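Chemist: sharing a sequence plus its predicted fold:
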Amino acid sequence: MSQKVFAGTTVDVNEEGYMTDSTQWTKEIAKEIATEENIDLTDKHLAVCEFLRDKQSKGENITIRSVGNSGIIDIKGFYQLFPGAPMKKAAKIAGIPKPASCV
């Protein structure tokens, strides 16, 4: 396990850069991770991150479909917010483990 500094806070990350302790997450950390992913974090991004964090904390399955059915954003919008690999990027920014549905 490695460590990385975001927003002046040292956090634990795995070999892919995902936080291993989601309790260390803050919106400031999310902003810095988003910058690394070439994403300008907006309130909509944060709403998706909060949704993912809530689902993960309840042990629920996180999928692109669940995000599309969240009422926050549709699937097309999700891909626009997090281009390339939306679930991987959103999970990383949200400070949660990479979902099992991601390769």
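Modeler: The structure has been received and is ready for your questions.
Chemist: mind showing which ranges of the protein have poor pLDDT?
Modeler: Per-residue confidence for the chain (pLDDT under 70) gives these ranges: 101-103.
Chemist: and the strands in it?
Modeler: 2-6, 9-13 (DSSP state E).
Chemist: mind putting the ones you listed into a markdown table with distance to I96 and mean neighbour count?
Modeler: The C-beta positions use only the backbone N, C-alpha and C, and glycine is treated the same way. Conversion of those to a markdown table gives the following (distance: least, Cβ to Cβ, whole Å; neighbours: other Cβ atoms under 10 Å):
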| stretch | distance to I96 | mean neighbour count |
| --- | --- | --- |
| strand 2-6 | 15 | 13 |
| strand 9-13 | 12 | 15 |
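Chemist: tabulate those strands (a markdown table), appending distance to E37.
Modeler: Shown next, in a markdown table, are the strands of the chain (distance: least, Cβ to Cβ, whole Å):
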| stretch | distance to E37 |
| --- | --- |
| strand 2-6 | 12 |
| strand 9-13 | 14 |
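Chemist: out of these, nearest to P83?
Modeler: Within the strands of the chain, the stretch nearest P83 is strand 2-6; the backing value is 21.4 Å (Cβ to Cβ).
Chemist: how far out from the middle of the chain is that closest one?
Modeler: 16 Å (Cα atoms, centre = their mean, to the nearest Å).
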